[in-house]
Structures are given as structure tokens and as C-alpha cells.
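*Asks:* make a model of this:
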Amino acid sequence: PAEHPRIFWNMSRIARTAALFSAGIMSCAASPVINTLPRAGARAFPTLKQFPSVLSLRGGMGMATTASEGSAAPSVTFKCRVRDESIGGDNPYTWKDVPSDALMKGKRIVVFGLPGAFTPTCSSTHLPGYEKHYEAIKACGVDEIYCLSVNDAFVMRKWGLDQGLEEEKKDASHIMNPGNFKKVKLLPDGACAFTRGMGMSCTWDSERGFGERSWRYSAVINDGKVEKIFIEGGSVMQNHGPDPFEVSDADTMLAYLKSKK
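*Replies:* Residues are numbered from 1 along each chain as shown. Below is the predicted model of the structure:
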């Protein structure tokens, strides 16, 4: 009977190791995840707070290292809503799959991720700053600016309208239009696919009841690769009390882009 806990523990370790192997990270000897696996004799699994720079296993979606300069941006599909006048009525919108490659391949873009639509800092400063400096940022050799949040397309559109962004109702030259906005485009990452791929997934369940969201950051992505990234606090943190906003703002991004002209 005294051996039963040990047998259970060994079986649990095997199952956890198999999960990590299926996530494709077992070959990386220096992986922060591998280094945090329990040593022999330990009696508790690491908590989510012991994984500040990698994606949690919640939802069984695997893990991703936090994006850094030179790393490839994830290839995902955004579920967007576009305007289709043939539908008629007060809500002439339909679904459109927008591949991230269509937004990034052969282009230099700015994307900034934030915890949530309608939240205070995101609404008062983060999005408005990029909308204000939209033309100045584009003048620095940027093709487009995207605001990304782990919210669905309905919430993102309503937030944009609430923010006073000018909706694009006719021009279809951009893959997300008509139906998105003329300046900063709002990207709905409702399933958290891009956020997880960037290693920016964080959970604020005990702090704000948010569940899984994006850590606050901004990045320049050049032809599908991260040219520059600004991560608040220097790393992704789970259930973090403060919501830092020091380096992912539009002014910091604009200063960086001007230095590269």
C-alpha cells in the first residue's frame, strides 16, 4: 500500500511527458518547460505561475515559446465579419476567413495585443494612441496596423464603433473590408490561436475573471517574422495583479520605427 502513491506519481509523470512530446518540444534540451518538470521524489506538479514564458496546457493546445526578434509569426485563420450589401437589412454582414499570411506575407506590419475590448487602459490609451499616430507610423514604412484581442468579431466591431473609429463601408481593397475600419484594423483572435502561437497567452481567472487572454505587447512583423517586439514587464505573467503599460504604446513604437528609417 505504501507504494501506491509512487506508482500513481510515476504514471502521472509518464502521461505528462507524453503530452509534452506530442507538443513537439521534447527535442529541446534547454526548454523552460522540460527544466520545470518535477524531479524524482517531488510530490507536486508545477503551477501555471511557473510557466511565465510559455503557453499553459489548458485546453490541450500545446505550448509555444514567447516570440522574440527573428521568430516566425504564427500562421492562423482569423474569423472575421465583412459587410455584404446583398444580404440587406440592418446587419448586412457575413463570415470571412482571413489567413494571417494574407496580412503579413511580403508586408511590414505593426500588431499590438491587449487584454480585452472595452477594458480601461485598452480603451483610454492603447488603441486611441495607435489610431492617433496611424499615418505617422505608416510613413515609417509600415503597410498596416492591427489591434488584436482575444475577443470575437462581434465584440471587436462594437468596441471599434464605441471608440469612434471610422468604419469602412465600401472599399474592399483590404481583405478585412468592407466592414472593418479605415485606419487601425481590429483583429478578432476569439479562439486565442494567434496569441498562443506568439506565446502571449495569459490567464487572469483569479485576478479579473478574464480566463485566457493576451498579455499586453506590440510588435513589428516583417514578411512573417518578428522584427521587433515590446513585451510589457519583459515577460508574460499569469494571474498578474498589475496590468503594466510602459513599452507597448504607440509613442514607443513610433520612436523605434523612426530610428530605423
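
*Asks:* where along the stretch 101-250 of the chain do the strands fall?
*Replies:* 108-114, 144-149, 185-188, 201-203, 212-214, 217-222, 225-231 (DSSP state E, counting those that start in this stretch).

*Asks:* nearest to residue 73, out of these?
*Replies:* Residue 73 sits nearest to strand 217-222 of all these, at 5.0 Å, using C-beta to C-beta. To be clear about C-beta, it is placed using only N, CA and C from the backbone, and glycine gets the same treatment.

*Asks:* which elements pack onto that closest one?
*Replies:* Applying 3 or more C-beta pairs under 8 Å, 6 or more residues apart in numbering; DSSP states H and E, we find strand 217-222 packed against strand 108-114, strand 225-231, helix 250-259.

*Asks:* and the angle for that strand with strand 108-114?
*Replies:* On the basis of axes from the mean of the first three to the mean of the last three C-alpha atoms, to 10 degrees, strand 217-222 is oriented at 160 degrees to strand 108-114.

*Asks:* let's have the chain start at 47 instead
*Replies:* Okay, using 47 as the starting number, the last item reads as strand 263-268.

*Asks:* distance between strand 263-268 and the chain's centre?
*Replies:* How far strand 263-268 lies from its chain's middle: 11 Å, per C-alpha atoms, centre = their mean, to the nearest Å.

*Asks:* now do that strand against helix 296-305, angle only.
*Replies:* Going by the same axes, to 10 degrees, strand 263-268 makes 30 degrees with helix 296-305.

*Asks:* quickly run through the sheet partners of strand 263-268, with directions.
*Replies:* strand 154-160 (antiparallel), strand 271-277 (antiparallel) (DSSP bridges).
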